[in-house]
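[1] the sequence isn't on hand, but the structure is:
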Ligand code: F6P
């Protein structure tokens with residue numbers, strides 16, 4: 001990151017992400033600071049702390065206004081500030097149309113091929129455009145008076161790069177798309193496919209997690225808009241402009257595990273007592289409750305495991321932490337209830353008077369609880385039906401400084417390309433997922449160590465700083481008058 005920062009040649013770094021890294025909420029008669037669930041903010045906050053600059057995000061907490069200045073700015077992290085958070089205020093109608101509507105009812109299912117039909121609502125599309133314009137105005141204000149590199153995050157802002165380039169052609173604009181990019185047949189059903197691609201081609205650099213998503217994007221552009229695709233350079237040319245399209249597999253900060261696992265034994269003791277877990281081995285799942293994560297599939301697989309391998313009855317628990325997410329949308333609300341119903345059914349069928357196989361903790365948990373469980377567990381299960389990367393898999397690995405523990409990982413995650421020592425499973429196949437859980441629970445300690453050593457080395461080398469360094473270095477090559485990059 002240091003190298004990338006130097007190469008930014010004095011240009012200001014401005015990150016734009018819908019989700020803000022620090023949320024202020026009213027609670028217990030005062031104001032509480034909250035860290036949101038989800039990989040993006042966890043991954044990018046350490047990078048911003050290292051680089052400095054401005055994070056432009058949606059001010060979503062009910063005490064956000066009173067903790068920021070008149071322009072929505074405040075220094076963060078609040079206890080030891082290193083960068084600026086600039087909050088953009090949205091009306092309830094804008095949040096509804098842009099975030100719940102176009103971003104999460106259209107683009108989210110469109111990009112994750114999990115057989116859920118996206119909504120195509122012209123009213124959502126209009127608000128999505130309006131909010132992209134609102135963020136463009138905030139970014140342009142922050143970028144006034146000098147060179148800047150704008151680092152746009154995710155599918156909330158497909159139109160933003162085009163808007164920024166139209167207003168300030170000198171800005172370097174890079175975007176990272178944190179979710180998969182589907183094949184052209186899937187994407188082209190969107191009535192606004194051309195406009196979305198036009199916006200994204202405002203980027204100088206566009207990053208996806210894996211090469212496969214880059215290839216899908218280039219194919220989609222090729223079939224949808226007038227352009228010159230150069231497959232050797234992985235770039236798209238339009239007029240005199242170029243957009244490079246490259247893979248950058250996102251990761252985590254491996255050092256956070258040491259911080260979050262201080263006193264983990266005490267925390268685990270409390271959690272075990274609170275949920276009646278005794279001293280049995282645990283398999284943990286840690287997710288936002290989202291239909292792409294394959295949570296019902298994994299609960300069903302526990303039932304199947306107990307049918308096929310009754311020797312596990314009474315011998316372990318699946319502890320599923322499920323942070324409620326996007327609950328304004330019925331599909332998300334219903335999923336919380338569905339998982340609970342399934343967990344109850346498995347517990348009724350297979351549980352005993354003093355043992356419940358599935359413990360569903362349907363609330364937001366802080367990183368100290370999550371890492372205590374990672375560190376304590378016999379295994380971690382990630383059964384996403386489709387996932388750009390999945391950082392839970394990587395976090396689990398960083399927590400295992402004891403070299404133990406097994407990871408059961410869906411083959412449909414970006415992480416499966418790197419963590420090939422996990423027990424790889426197809427979550428659509430309940431028998432296969434149950435067999436994966438069995439393999440993980442029964443794995444001999446020396447094999448666990450061998451696999452964990454390789455996975456830890458992978459995540460330690462390819463950490464979040466390397467991700468940011470590679471991406472910002474690539475972007476900085478495009479900064480006018482920056483030092484020529486070292487090769
Ligand atoms: O990975 C995609 C993503 O939208 C990220 O931006 C974020 O980390 C996660 O999902 C959580 O989503 P939200 O910000 O909607 O809660």
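    Nice, thanks for sending it over. Every value quoted in this text rests on a predicted model; they were computed, and no experiment measured them. Residues are numbered from 1 along each chain as shown.
[2] check contacts around residue 251.
    43, 389, 391, 394, 459, 462-464, 466-467 (C-beta atoms under 8 Å, 6 or more residues apart in numbering). (Glycine included, C-beta is placed from N, CA and C.)
[3] do that again at 7 Å, thanks
    394, 459, 462-464, 467 (C-beta atoms under 7 Å, 6 or more residues apart in numbering).
[4] how close does it sit to the ligand?
    14 Å (C-beta to the nearest ligand atom, to the nearest Å).
[5] cool, residue 311 as well?
    Residue 311 is 38 Å from the ligand, by C-beta to the nearest ligand atom.
[6] what secondary structure does that residue sit in?
    Three-state assignment for residue 311 (DSSP: H, G, I helix; E, B strand; the rest coil): helix.
[7] report the separation between residue 418 and the ligand.
    17 Å.
[8] one step back: out of the contacts of residue 251, which are buried?
    In terms of neighbour count (16 or more other C-beta atoms under 10 Å), the buried residues within those are 394, 459, 462-464, 467.
[9] now do the helices in the stretch 301-450 of the chain.
    330-350, 367-376, 391-399, 415-418, 430-442, 445-461 (DSSP state H, counting those that start in this stretch).
[10] make a markdown table out of the ones you listed and add mean pLDDT and distance to residue 226.
    Converted to a markdown table, the helices of the stretch 301-450 of the chain look like this (pLDDT from 0 to 100; distance: least, C-beta to C-beta, whole Å):
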| stretch | mean pLDDT | distance to residue 226 |
| --- | --- | --- |
| helix 330-350 | 97 | 36 |
| helix 367-376 | 97 | 47 |
| helix 391-399 | 98 | 37 |
| helix 415-418 | 98 | 33 |
| helix 430-442 | 98 | 44 |
| helix 445-461 | 98 | 41 |
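[11] which of these sits most buried?
    Neighbour counts (mean count of other C-beta atoms under 10 Å) averaged over each of the helices of the stretch 301-450 of the chain peak at helix 391-399, with a mean of 28.
[12] nearest to residue 165, out of the helices of the stretch 301-450 of the chain?
    Residue 165 lies closest, by C-beta to C-beta, to one member of the helices of the stretch 301-450 of the chain: helix 391-399, at 30.0 Å.
[13] give me the contact list for that closest one.
    So helix 391-399 is in contact with 39, 42-43, 251-252, 254, 257, 261, 286-287, 371, 374-375, 380, 382, 407, 409, 413, 415, 419, 422, 455-456, 459, going by C-beta under 7 Å, 6+ apart.
[14] okay, and which of the residues you listed map to strands?
    Within the contacts of helix 391-399, residues falling in strands by DSSP state E are 286-287, 380, 382, 407, 409.
[15] out of those residues, what pair is the most spread apart?
    Taking every pair in the ones in strands among the contacts of helix 391-399 and measuring C-beta to C-beta, the maximum separation is 14.4 Å, between 287 and 407.
[16] quick one: residues contacting the spatially closest residue to residue 451 that is not a sequence neighbour.
    Counting by C-beta to C-beta, 6 or more residues apart in numbering, residue 421 is the residue found nearest to residue 451 once chain neighbours are left out, at 3.8 Å. Contact partners of residue 421, counting by C-beta under 7 Å, 6+ apart, are 451, 454-455.
[17] residue 337 too?
    Counting by C-beta under 7 Å, 6+ apart, residue 337 has no contacts.
[18] can you pull the residues of the stretch 51-200 of the chain lying near the ligand?
    The stretch 51-200 of the chain comes close to the ligand at residues 154, 178-179, as judged by C-beta under 6 Å from any ligand atom.
[19] compare these and tell me which has the most neighbours.
    residue 178 (24 neighbours; other C-beta atoms under 10 Å).
[20] any idea of the pLDDT on it?
    On pLDDT, residue 178 comes in at 97.
[21] start to end distance for stretch 42-60?
    17 Å (C-alpha to C-alpha, to the nearest Å).
[22] revised request: answer the last question for stretch 163-179.
    22 Å.
[23] what residues does that stretch touch?
    For stretch 163-179, contacts defined as C-beta under 7 Å, 6+ apart pick out 11, 40, 108, 111-112, 132-133, 136, 139-140, 143, 147-155, 161, 200, 202-208, 248, 388, 471, 475, 478-480.
[24] just the buried residues out of those residues, in PyMOL syntax.
    The PyMOL selection below is limited to those of the contacts of stretch 163-179 classed as buried (16+ other C-beta under 10 Å):
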select buried, resi 11+40+108+111+112+132+136+139+140+143+147+148+149+150+151+152+153+154+155+161+200+202+203+204+205+206+207+208+248+388+471+475+479
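[25] out of the contacts of stretch 163-179, which sit inside helices?
    Per DSSP state H, helices hold the following members of the contacts of stretch 163-179: 40, 108, 111, 132-133, 136, 139-140, 161, 200, 471, 475.
[26] between those residues, which sits nearest the ligand?
    Nearest to the ligand among the ones in helices among the contacts of stretch 163-179: residue 40, at 3.3 Å, using C-beta to the nearest ligand atom.
[27] dump the ones in strands among the contacts of helix 391-399 into CSV; add neighbour count and pLDDT as well.
    CSV is the format used below for those (neighbours: other C-beta atoms under 10 Å; pLDDT from 0 to 100):
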residue, neighbour count, pLDDT
286, 27, 98
287, 25, 97
380, 26, 98
382, 28, 98
407, 26, 98
409, 30, 98
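[28] can I get the residues you listed in JSON lines with distance to the ligand?
    Shown next, in JSON lines, are the ones in strands among the contacts of helix 391-399 (distance: C-beta to the nearest ligand atom, whole Å):
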{"residue": "286", "distance to the ligand": "13"}
{"residue": "287", "distance to the ligand": "10"}
{"residue": "380", "distance to the ligand": "18"}
{"residue": "382", "distance to the ligand": "14"}
{"residue": "407", "distance to the ligand": "19"}
{"residue": "409", "distance to the ligand": "17"}
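[29] now the nearest residue to residue 10 once chain neighbours are set aside: how far from residue 480?
    Counting by C-beta to C-beta, 6+ apart, residue 147 is the residue found nearest to residue 10 once chain neighbours are left out, at 6.8 Å. Residue 147 sits 7 Å away from residue 480, going by C-beta to C-beta, to the nearest Å.
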